[in-house]
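Visitor: The amino acid sequence is not available; the structure is as follows:
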């Protein structure tokens, strides 16, 4: 019986990692209601089985290194990928939000083509982009996948640093400031994602659709998409738009921003809003309840990111960028160039993926006339 309980817990651990990409030991212990020591032992067991990879303070799903068993006994096994000899250096600003699924996509594509992945972490609060690029290069990376800590547009100084490093590179969720730079990248069309969210609310009958953003690199793109939708769909521009400037989650400053936004919606008779990100949408939902507003009856909400939107008290309709696919496509672009006998003959490829809208309860039914 005890062995069965352990097996069940292992399956729950793997499911949590599949949903979130990377989780800390403390988060896993809280979610499963066991001690951190128990989680550590479980992760050791799962790593031995090749199902997870332990990292400092947590774990992530192991990338597939061997093909799955054939579906039919007579089917020949898929070939095991040969070691390409290439190592992809991946620079990301976070391993706990948004990027775990991107990382999983990179690792899956790299494993499929026999390449290694090494990860360098920078930080929005204390950027170490240039230092990490140098460290990834020194660690043996043969190509680089780059998510910088700045805004959507890569600073020229970082672009210069990449050029100096001398390695092929692909940008992820970033573009050069100069649109004419010959540079490969894979990005999400966040403007289109925001536009689709506003259009969905407009189709439900809302004429005023507010916007709340949190100062992230994605926020300006979401703001542009919201503004374009309001203009093209002929909506009332009086709906409030707020950017909180990235206060600490759970802080008094953050709560003040949420309350001001809710009050602005009430004052302007705005009954629908697009919220970036999931965390902010969940907190605004909580504060709206304190203001005696019901979701979605009094205020329809759409979250932007879809990291934890489905877990909200009222499941949040959400714009979901294709994060795993971003990682897969970026890794393939880079590996194509690294493995091609004449890489300079390859065209420069720039891919844009359109996010999808996942409709749940929080956006509600058509608004009353």
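Guide: Sure, I can see it. Source: prediction; values computed, not measured.
Visitor: which residue ranges form the helices in the stretch 251-369 of the chain?
Guide: For the stretch 251-369 of the chain, helices defined by DSSP state H, counting those that start in this stretch occupy the ranges 252-267, 278-290, 323-339.
Visitor: Would you mind getting the angle between the shortest one and helix 252-267?
Guide: In this case it means helix 278-290. 60 degrees (axes from the mean of the first three to the mean of the last three CA atoms, to 10 degrees).
Visitor: Kindly report the same for the longest one.
Guide: Here helix 323-339 runs at 120 degrees with respect to helix 252-267, directions being taken by the same axes, to 10 degrees.
Visitor: Remind me what helix 323-339 packs against, helices and strands.
Guide: strand 87-92, helix 99-112, strand 143-146, strand 169-172, strand 185-188, strand 350-353 (3 or more CB pairs under 8 Å, 6 or more residues apart in numbering; DSSP states H and E). Placement of C-beta: from N, CA and C, glycine included.
Visitor: State the helix or strand in which residue 167 lies.
Guide: Assigned by DSSP states H and E, residue 167 belongs to neither a helix nor a strand.
Visitor: tell me the contacts of it?
Guide: Counting by CB atoms under 8 Å, 6 or more residues apart in numbering, residue 167 makes contact with 89, 137, 141-144.
Visitor: make it 7 Å
Guide: Applying CB atoms under 7 Å, 6 or more residues apart in numbering, we find residue 167 in contact with 137, 141-144.
Visitor: Of those, which is the nearest to residue 28?
Guide: Among the contacts of residue 167, residue 141 lies closest to residue 28 (CB to CB), at 29.7 Å.
Visitor: Ramachandran coordinates for the residue nearest to the spatial centre of the chain?
Guide: Against the mean C-alpha coordinate of the chain, by CA atoms, centre = their mean, the closest residue is residue 98 at 2.5 Å. In terms of degrees, to the nearest 10, the main-chain angles of residue 98 are phi 70, psi -50.
Visitor: Could you find the lowest-pLDDT member of the contacts of residue 167?
Guide: The lowest pLDDT within the contacts of residue 167 belongs to residue 137, with 93.
Visitor: Tell me which helix or strand that residue sits in.
Guide: Using DSSP H and E, residue 137 maps to helix 129-138.
Visitor: distance of the residue nearest to the centre of the chain from residue 156?
Guide: 25 Å (CB to CB, to the nearest Å).
Visitor: again with residue 35
Guide: Separation of residue 35 from residue 156 (CB to CB): 49 Å.
Visitor: And for residue 135?
Guide: With distances taken as CB to CB, residue 135 is found 21 Å from residue 156.
Visitor: between these two, who's got more neighbours?
Guide: The residue with more neighbours, out of residue 135 and residue 156, is residue 135; 15 against 12, by other CB atoms under 10 Å.
Visitor: Can you pull out the low-pLDDT segments for the stretch 51-200 of the chain?
Guide: Applying pLDDT under 70 to the stretch 51-200 of the chain flags the ranges 55-58, 62-81, 95-96.
Visitor: let's go with 80 and repeat that
Guide: 51-82, 84, 94-97, 124-126 (pLDDT under 80).
Visitor: so what's the residue lying closest to residue 142 once chain neighbours are set aside up against?
Guide: In this structure, residue 142 finds its nearest non-sequential neighbour in residue 86, 4.7 Å apart by CB to CB, 6 or more residues apart in numbering. By CB under 7 Å, 6+ apart, the contact set of residue 86 is 115, 142-143, 335, 338.
Visitor: Likewise for residue 88?
Guide: Counted by CB under 7 Å, 6+ apart, residue 88 has contacts 106, 110, 115, 117, 141, 143, 145, 331, 334.
Visitor: Neighbouring strands - and their directions - for the strand or helix carrying the fourth one?
Guide: With elements taken from DSSP H and E, the one containing residue 117 is strand 116-121. The sheet places strand 116-121 alongside strand 87-92 (parallel), with pairing taken from DSSP bridges.
Visitor: the inter-axis angle of the strand it pairs with versus helix 129-138?
Guide: 160 degrees.
Visitor: Specify the angle between strand 87-92 and helix 99-112 in degrees.
Guide: Angle of strand 87-92 versus helix 99-112, following the same axes, to 10 degrees, is 170 degrees.
Visitor: Next, the buried residues of strand 87-92.
Guide: 87-92 (16 or more other CB atoms under 10 Å).
Visitor: Just send those residues back as TSV, with distance to residue 47 too.
Guide: Shown next, in TSV, are the buried residues of strand 87-92 (distance: CB to CB, whole Å):
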residue	distance to residue 47
87	21
88	21
89	23
90	20
91	25
92	22
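Visitor: As a check, name the ranges of all strands in the stretch 151-300 of the chain.
Guide: Applying DSSP state E, counting those that start in this stretch to the stretch 151-300 of the chain gives strands spanning 153-154, 169-172, 175-176, 185-188, 210-213, 241-243, 272-275, 300-304.
Visitor: Can you lay out those as JSON lines showing distance to residue 292 and mean neighbour count?
Guide: What follows is the strands of the stretch 151-300 of the chain, written out as JSON lines (distance: least, CB to CB, whole Å; neighbours: other CB atoms under 10 Å):
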{"stretch": "strand 153-154", "distance to residue 292": "42", "mean neighbour count": "20"}
{"stretch": "strand 169-172", "distance to residue 292": "43", "mean neighbour count": "26"}
{"stretch": "strand 175-176", "distance to residue 292": "44", "mean neighbour count": "18"}
{"stretch": "strand 185-188", "distance to residue 292": "36", "mean neighbour count": "23"}
{"stretch": "strand 210-213", "distance to residue 292": "18", "mean neighbour count": "26"}
{"stretch": "strand 241-243", "distance to residue 292": "21", "mean neighbour count": "18"}
{"stretch": "strand 272-275", "distance to residue 292": "17", "mean neighbour count": "30"}
{"stretch": "strand 300-304", "distance to residue 292": "16", "mean neighbour count": "30"}
